[in-house]
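1. using only what follows, build the 3D model:
(chains A and B)
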Amino acid sequence: MSAQAEIYKLFADKLFRVCIKYSKNYQDAQDTLQDSFLMIFKDIKKFKHKGSFEGWAKRVTMNVALQKFRDKSVLQFDVLEDSKFAEEDVFVDVDEKNISLDFLLSLIKQLTPKYQVVFNLYVLDKYSHLEISELLKISIGTSKSNLSRARKILQEKINNSTKKSL
Amino acid sequence: MKINIDKLFQNKIKESRITAPSKLWSAIETKLKRRRMLRLLSWFIGVSFVSLMSFMFLFFQAEKKSTADTTKKSTSKEYSKNKIETSIDNKDAVSEKFEKNQIKNNKKKVVNRNLSTNITKGKAIYVNKTTDVKNIQLAAKKVETTYFRK
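-> A predicted model of the protein is given here:
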């Protein structure tokens, strides 16, 4: 087995998880993963061994996924600077075991692209607001307010779905 | 049970077993092979282009040199041809001159021979004369001795 096949075997699942969050469907996620691996093998000489290879590969995949996401949807962020509103924690009253990941991912995909991106980056990929602001070229306040809006919308949707199921 | 919305999503992602489709690797491998082939092809085209250019450069240099040589040769040939023609034209004049010179030389030779014969003759005369003088001197001596003894 070649070295490239070995790298694919080691990281494909982890990177596919990144791709699926930023893609509209399973097919799109596959395309993103394929492009990401091609990019990783092309730029592998640029990896300076400063951090982990997995972290670097995830960053490359994230950039490819974000680029594809930008190409497909218009990202116009709401410029809201209310930081109190932004840092508020949001809770939902649900039984965690009864909720599937597919359901949660489908809820994220119902969000507008701007909220989707900020929520994915902050909550699922654990980026800081500073990193998000640099990546999307927006202010930290805009990042925070968009995240807060995304959380509120998701809370509403989850609460509605649990009410319906009851 | 109330749960933080961020935690809910993070836990579900952690728990999930999302696997990449196995057929995807063959697609990636095909693309990688195609890219490698393209790279090889572009490298080959680049190398052949450079070698072709250098070959053409060398060929034209050689061609230039050979044309220069042929022009040089043709001019020299023409020059020699002209020379031959002129020599043929001048042949009569030259032969005439040569004959004249020869005649002159012959004449000179004759004169020289005559001179030398004259000189030898003169020498002979001189020798004769000196012998004559010597003979006279001897005769005188004889007369003297015979007469004075008496």
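2. now do the SS call for the residue nearest the centre of chain B.
-> Chain B has B:Asp69 as the residue nearest its centroid, 10.3 Å off, counting by Cα atoms, centre = their mean. Look at B:Asp69: counting by DSSP: H, G, I helix; E, B strand; the rest coil, its state is helix.
3. any figure for the gap between the residue in chain B that chain A sits nearest to and A:Val18?
-> Residue nearest to chain A within chain B: B:Ala20 (3.8 Å; Cβ to the nearest Cβ). Backbone N, C-alpha and C define where each C-beta goes, glycine included. Noted for B:Ala20: a distance of 11 Å to A:Val18, by Cβ to Cβ, to the nearest Å.
4. cool, and A:Leu10?
-> Using Cβ to Cβ, one gets 15 Å for the distance from A:Leu10 to A:Val18.
5. now swap in B:Ile136 and tell me
-> 154 Å.
6. neighbour count winner among those two?
-> Neighbours around B:Ile136 and A:Val18, counted as other Cβ atoms under 10 Å in any protein chain shown, are more numerous at A:Val18. The numbers are 25 against 10.
7. excluding chain neighbours, what is closest to that one?
-> A:Thr61 (4.9 Å; Cβ to Cβ, 6 or more residues apart in numbering or on different chains).
8. doesn't that neighbour fall inside a helix?
-> Yes - counting by three-state DSSP, A:Thr61 is located in a helix.
9. contact partners for it?
-> With contacts defined as Cβ atoms under 8 Å, 6 or more residues apart in numbering or on different chains, A:Thr61 is in contact with A:15, A:18-19, A:32-33, A:36, A:40.
10. of the residues you listed - the most surrounded one?
-> Within these, A:Leu33 tops the neighbour count with 29 neighbours, counted by other Cβ under 10 Å.
11. per-residue confidence at that residue?
-> If you check A:Leu33, the pLDDT there is 95.
12. next one: the one 10 residues further on
-> The predicted local confidence for A:Asp43 comes out at a pLDDT of 92.
13. chain A contacts on chain B?
-> For chain B, the contact set with chain A under Cβ under 8 Å from any Cβ of the partner chain comprises B:1-6, B:8-13, B:15-16, B:18-21, B:24-25, B:27-29, B:31-32, B:35.
14. how does it look with 10 Å?
-> Residues of chain B lying close to chain A by Cβ under 10 Å from any Cβ of the partner chain are B:1-25, B:27-29, B:31-32, B:35.
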